[in-house]
Structure formats: structure tokens, C-alpha cells
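Enquirer: Any chance you could fold what I've pasted below:
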Amino acid sequence: MVIRYLILFSFSLLLVFVSQGFAQEENTSCVNCHKDLGGDSAKGVGLWQESIHKENGISCRNCHGGNPNVKDIGAMDPAAGFVGAPKENDIPKFCGKCHVAVMENYLNSPHWLTEKKNHPVCTTCHTAHHQQKATLDLINEKDCSRCHTYERAKKLKFVMKDTDENFVQLDGRIEKLKEEGFNLQNLDAALFANRNQFHRLTHVLSVDLIINKTGIIKADNQKIEKSVESYEATIKRRQIGGAILVAFLFISAFIIHLYRKALS
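Expert: Predicted structure coming up:
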């Protein structure tokens, strides 16, 4: 009982620290100033607050630089690393500061190498501030057909669908195991790395390459799945053992009841 209360107390403290951290992110001069300006200037803040970047603690300064603790124009001091909004052709390198492998794949893809004057960049598909968790839903006829036919994208999505569903299934099974009290940091990390490698393939736009690489990724996922199956087997053994114990106690209680009844 004491251990349970200590765990709950520790978890409560963690929530306080996390909430304070997010509160600080939302109370920077960047956020407050853009909110006060209203209109299009405030729109980016609202979109960021609903983004995967916000969810992962990525704030204005992480992308645009500057000093978020200084009020007004001082926050945009170049000496503090302020770079502001990039020009369209600089966006891949701007996002590539964090998404290095994605940028490398994109720079070798038809999206970047096309001779057309207007070509898609990161924000064309992922938006500037409302980035969401990467899924195959980002490949869809409505968005892709803004620039070209959907046929090629449809093939890409088709060859990736089976592996994507495998990731979703494994993720769900790992979450259930964690609810049972297992520490699965190693499996989480391995699945995260595989998923990132898989999602990066979408930026190459090559069906042949995707087919080749997904074979390797599937093999890695099978190793993770074997570990998951081992943990699931442990749970089944526990359940069977628990059922046997309950049955034993029930039978024992019934025998004792009959014995006492015979003596009375």
C-alpha cells in the first residue's frame, strides 16, 4: 500500500513538472506577441498548439531561433540565432536541421529534382505549423492531385499499406503489454526507429526502392514481434496459473465445507 502511494505521489510530481514545462513553452514572448498581433500572425500559434511539434515540446525557438525570454523585437535578435521564416527553396534544409534523413531522401526525389518552377516542399504536404503524426493518410488523392495525378502516389501507398498496418498492430500490442506492467523501452525504441526508417521511404517516391527496403524493415519487425509474443506468452501462463489457483482454492473450500457438514 505504501509503495502504491509513493508511485502515485511520484507520478503526480511528474505531471506537475511536465505541465509547468508546457506552460513555459506557451508563455514565451514569441507566442504572446503573435497572439496579441492577431489575424494571420496569431493563426500560426493556434495551429502549432494542435501540432505534433507542440506535443513533443518543439517550440518557436527550436525552428526559428531567437530568444523567447526577451520581450518585443529583442526576441528576434540575429545574435541569438534568429532566422525567421525561410524562403520556399530553403524550407527542406530548414526542416532538415532535425529531419536529416528525410531531407536527404527528398533532395533525391522527383519532388525536388523536377524542372517545374513550382515544386512541393515540406510545408506543401505537412503545413508550416500544423504538422501531424506521419501516417499513410498523408498520401491521399485530394492532396496529391493538387499538383499531379494520383496514380503514382496510389501505387506507393499500396506497397506500403501492409507494413504500415504491421506497425499499427505491433504498437497496439506493445501498449497492452505496458499496461500489464512490463518495461518495454527497448521494444519501443526499436519500433520507433523502424517506423521512422519506413516513413522516410515515402519521400523517395520509388516503388522499387520501397519494395526492397520494406523487406528489410519487415524482417526487423518480425524480431520485435517474437519478443512481443514471448511477453504475451508470459501473460497467458500467469492467467492459466491464476485460473488453476482459483480453481484449487474453490475446490479446497468446497471440500472443507463438505467435511464440516459431515462432522456436524
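Enquirer: what does the average pLDDT come to for the host helix or strand of V45?
Expert: For V45, the host element (DSSP states H and E) is helix 39-48. Mean per-residue pLDDT for helix 39-48: 92.
Enquirer: Identify all contacting residues around it.
Expert: Residues outside helix 39-48 that contact it (CB atoms under 8 Å, 6 or more residues apart in numbering): 31, 34-36, 54, 60, 127-130. C-beta: built from backbone N, CA, C; applies to glycine.
Enquirer: Got a ChimeraX select line for the buried ones in the residues you listed?
Expert: A single ChimeraX command is used to select the members of the contacts of helix 39-48 judged buried by 16 or more other CB atoms under 10 Å:
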select :31,34,54,60,128,129,130
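Enquirer: Now do the same for R200: helix, strand or coil?
Expert: Classification of R200 using DSSP: H, G, I helix; E, B strand; the rest coil returns helix.
Enquirer: helices or strands up against the lengthiest helix in the chain?
Expert: The longest helix of the chain (DSSP state H) is helix 207-263. Contacts defined by 3 or more CB pairs under 8 Å, 6 or more residues apart in numbering; DSSP states H and E place helix 207-263 against helix 151-179, helix 185-200.
Enquirer: Between helix 151-179 and it, find me the angle.
Expert: 30 degrees (axes from the mean of the first three to the mean of the last three CA atoms, to 10 degrees).
Enquirer: quick check: angle from helix 207-263 to helix 185-200?
Expert: Counting by the same axes, to 10 degrees, helix 207-263 lies at 150 degrees to helix 185-200.
Enquirer: So the protein: which segments form each domain?
Expert: 14-85, 88-129, 133-264 (automatic domain parsing).
Enquirer: The shortest one: end-to-end distance?
Expert: Just to be clear, that refers to domain 88-129. End-to-end distance of domain 88-129 (CA to CA, to the nearest Å): 15 Å.
Enquirer: Could you dump the helices and strands packed on helix 207-263 into JSON lines and include mean pLDDT?
Expert: JSON lines is the format used below for those (pLDDT from 0 to 100):
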{"stretch": "helix 151-179", "mean pLDDT": "93"}
{"stretch": "helix 185-200", "mean pLDDT": "91"}
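Enquirer: Could you save those as JSON lines and add columns showing mean neighbour count and distance to E225?
Expert: Formatted as JSON lines, the helices and strands packed on helix 207-263 follow (neighbours: other CB atoms under 10 Å; distance: least, CB to CB, whole Å):
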{"stretch": "helix 151-179", "mean neighbour count": "15", "distance to E225": "6"}
{"stretch": "helix 185-200", "mean neighbour count": "16", "distance to E225": "10"}
